[in-house]
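>>> This is the structure alone, sequence omitted:
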């Protein structure tokens, strides 16, 4: 009885976690509010280290001091790439002045709110190393092999009979001895 209760609670917890992820951390490429940026430079040191994963969320407005990820506007050199820097001046109407914490000069681009992926909410240091490892061919092949073995063994495993309500009189028949000695 206790096992079923714990299993039910675990199922509810998993469902709540999936719904929360779907509402809060679903990537923008599938219509969600979150952006995921792998930091590949030292311009934000010591605040954000190279190799970190920054999780961003869209905001209704951005202010001076916010660390945001933005897409380099179309028509500019390196258009479409993402940069994660701090807003140091500017407005939504004129464009924000951006600068890395470890940079002496401001960025040449002046992103507007439509260019901003979101404000950094969580920074996971060293995540790039782990993500590159998980994406490596040996790990992908190992995961595929493990899944194949699981499916093959799972499909060929003997099945337990399902619990059924015994038919009328079955209890008496089961109580009878299997062998009789005369």
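Happy to help now that I have it. Small disclaimer: the values here were computed from a predicted structure and weren't measured. Numbers count the residues shown, from 1 in each chain.
>>> For residue 156, give me the pLDDT.
pLDDT for residue 156: 65.
>>> Repeat that for residue 153.
pLDDT recorded at residue 153 is 81.
>>> What of residue 139?
pLDDT, residue 139: 85.
>>> Once you drop chain neighbours, what's closest to it?
Distance criterion CB to CB, 6 or more residues apart in numbering; nearest residue to residue 139, sequence neighbours excluded, is residue 133 at 6.4 Å. Where you see a C-beta, it was placed from the backbone N, CA and C, and this is true even at glycine.
>>> again, but for residue 93
Nearest to residue 93 is residue 112, by CB to CB, 6+ apart, at 7.9 Å.
>>> The one you found reaches residue 98, doesn't it?
No: Residue 112 is beyond contact range of residue 98, at 11.5 Å (criterion: CB atoms under 8 Å).
>>> of those two, who's got more company?
It is residue 98, of residue 112 and residue 98, that has more neighbours when counted by other CB atoms under 10 Å, with 24 against 16.
>>> List the contacts of that one.
Listed by CB atoms under 8 Å, 6 or more residues apart in numbering, the contact partners of residue 98 are 68, 70, 83, 85, 86, 87, 88, 106, 107, 109, 110, 111.
>>> Kindly recompute the last result at 7 Å.
85, 86, 87, 88, 106, 107, 109, 111 (CB atoms under 7 Å, 6 or more residues apart in numbering).
>>> If you rank the residues you listed by neighbours, which is first?
residue 111 (26 neighbours).
>>> ok, for that one, nearest residue in space, not its chain neighbours?
residue 70 (4.0 Å).
>>> Name whatever forms a beta bridge with the one you found.
Judged by DSSP bridges, the bridge partners of residue 70 are residue 83, residue 116.
>>> Any idea how many residues pack against it?
Residue 70: 27 neighbours (other CB under 10 Å).
>>> and the gap between it and residue 148?
Residue 70 is 42 Å from residue 148, where distance means CB to CB, to the nearest Å.
>>> Same check on residue 12?
To residue 148, residue 12 is 31 Å away according to CB to CB.
>>> Over to residue 6?
From residue 6 over to residue 148 (counting by CB to CB), the distance is 31 Å.
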